[in-house]
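> Quick one: sequence plus predicted model below, questions after.
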Number of protein chains: 2
Amino acid sequence: MHPREGKRSLAQPSPKTSSHPAAGPGEPPPEGPALRVLSGGALRLGLLDRSLGFHLRLAQEASFAAFARRAGRSELRPGHFAALVVIEAHPGLSQTALGGAIGRDKSTLTPTLRELERRGLLRRERAAGDRRSYALMLTEAGREALATLTRSAAAHEEALDALVGDGDRAAFLATLRRLIAGLEGEAR
Amino acid sequence: MHPREGKRSLAQPSPKTSSHPAAGPGEPPPEGPALRVLSGGALRLGLLDRSLGFHLRLAQEASFAAFARRAGRSELRPGHFAALVVIEAHPGLSQTALGGAIGRDKSTLTPTLRELERRGLLRRERAAGDRRSYALMLTEAGREALATLTRSAAAHEEALDALVGDGDRAAFLATLRRLIAGLEGEAR
DNA sequence: TATTGTTATACTCTATAACTATA
DNA sequence: TATAGTTATAGAGTATAACAATA
């Protein structure tokens, strides 16, 4: 597929927003680069064969790829989708607040929001109390675009559920949440 | 921190190497952008709250971040680590083969390998039978650097194991593998 | 002074295309 | 002609810094 796919840019450890892990200078053995060696079955990697982190990485990439296949060719990229989701959930929020929610600097959102506005998917109104900020809200077209995207997402989720298995879904989700919470706690 | 951390670049659907999922034009709702809303606890996202794909994404990012914290400040980035791992496992392989294994174009590896060579971590010898290609192999320093990185990785794995729990580790890993295999199969 | 959003810049990662030297 | 590796170029995503308008 395309260039820039779901790679994970790993950078040095620096203080970033928060979520995106960037790889510090160290490096992410388990998550590291997208070693599809294991999955592809071409070459084998000793150490990584049993690594949870590595498999978590592969599973996430595979899931991401599968979603991308289903979503098809809309021109909405991930950043757009994220913005739509959060704005729908929190109509009226500011650009800075949105950035905080999805872990992006406000300057990063400027082109994204402008594009969504250009397409008529969102409206920006100067906030009543503070005329420096904009109150973001979806237009009807924006809600529709999000709904379409959401349907693709639902199909994707069904595929994941089928692979995980009904009996294991709850446990699997619980384990993921445990990892998320535990690792975030470790970070602080 | 630094700019560019571990972001995930999502691009449009174009023909890429292969593994990296890149987000097609559609978009990856679940995996999409790094919505740390859920985790951070700031805002809430309706639909994504129960999404396996989304949690997979968050868990992977958290794991990645945790690894980066442990790995510390070596100057080896993810791409470097990946190359070292694969070369150690397959001494003598060519640059093109390495690229295939980790899902990167050969042109992408040129600077990475040059850097590793410059640091004395790997040697490139013209292949005996085919003088167009190089046979890649780690130097003693390269093996040591990899060992250090591996130790960080091991500590990271222990942390993950602890969070997952002894009783669930096998099941969790099995589920991840099922997802990986199932989604890859779906791709073909 | 501090904050919101915009603009100008810069940087990483990755890719495609074209080029050189082999095959 | 086809392949290995290199170089040139491009593009996506993100960030920091500086600026204007507003608090």
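Cool, the structure landed.

> Is stretch A:107-116 in proximity to chain B?
No. Figure legend: stretch A:107-116 not in contact with chain B (CB under 8 Å from any CB of the partner chain); closest approach 9.3 Å. From N, CA and C alone the C-beta is placed, and that goes for glycine too.

> Just the residues contacting that stretch, thanks.
With CB atoms under 8 Å, 6 or more residues apart in numbering or on different chains as the test, stretch A:107-116 has contacts from A:79-80, A:83-84, A:95, A:98-99, A:122, A:124, A:136, A:142.

> hmm, try it at 10 Å
Residues from elsewhere that reach stretch A:107-116 (CB atoms under 10 Å, 6 or more residues apart in numbering or on different chains): A:17, A:75-80, A:82-84, A:87, A:95-96, A:98-99, A:102, A:104, A:106, A:121-124, A:134, A:136, A:138-139, A:142, A:145, B:7, B:33.

> and the lengthiest helix in chain A, average pLDDT?
Across chain A, the longest stretch assigned as helix under DSSP state H is helix A:140-164. For helix A:140-164, mean pLDDT rounds to 89.

> just to revisit the earlier point, give me the buried subset of the contacts of stretch A:107-116.
Using 16 or more other CB atoms under 10 Å in any protein chain shown as the burial test, these include A:17, A:76-80, A:82-84, A:87, A:95, A:98-99, A:102, A:104, A:121-124, A:134, A:136, A:138, A:142, A:145, B:7, B:33 as buried.

> Helices of chain A, residue ranges please.
Under DSSP H, chain A gives helices at A:37-40, A:52-71, A:78-89, A:95-102, A:106-118, A:140-164, A:166-187.

> got those helices as TSV, with distance to DNA strand C columns?
Formatted as TSV, the helices of chain A follow (distance: least, CB to the nearest atom of the strand, whole Å):
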stretch	distance to DNA strand C
helix A:37-40	14
helix A:52-71	11
helix A:78-89	12
helix A:95-102	3
helix A:106-118	3
helix A:140-164	17
helix A:166-187	21
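
> Mind putting those helices into TSV with distance to B:Ala153?
Output for those, formatted as TSV (distance: least, CB to CB, whole Å):
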stretch	distance to B:Ala153
helix A:37-40	15
helix A:52-71	8
helix A:78-89	28
helix A:95-102	29
helix A:106-118	31
helix A:140-164	26
helix A:166-187	15
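
> helices and strands of chain A: which one has the lowest mean pLDDT?
strand A:7-8 (a mean of 32; mean pLDDT, DSSP states H and E).

> For DNA strand D, tell me whether stretch A:143-158 is touching it.
No. Stretch A:143-158 lies out of reach of DNA strand D by CB under 7 Å from any atom of the strand, never closer than 14.5 Å.
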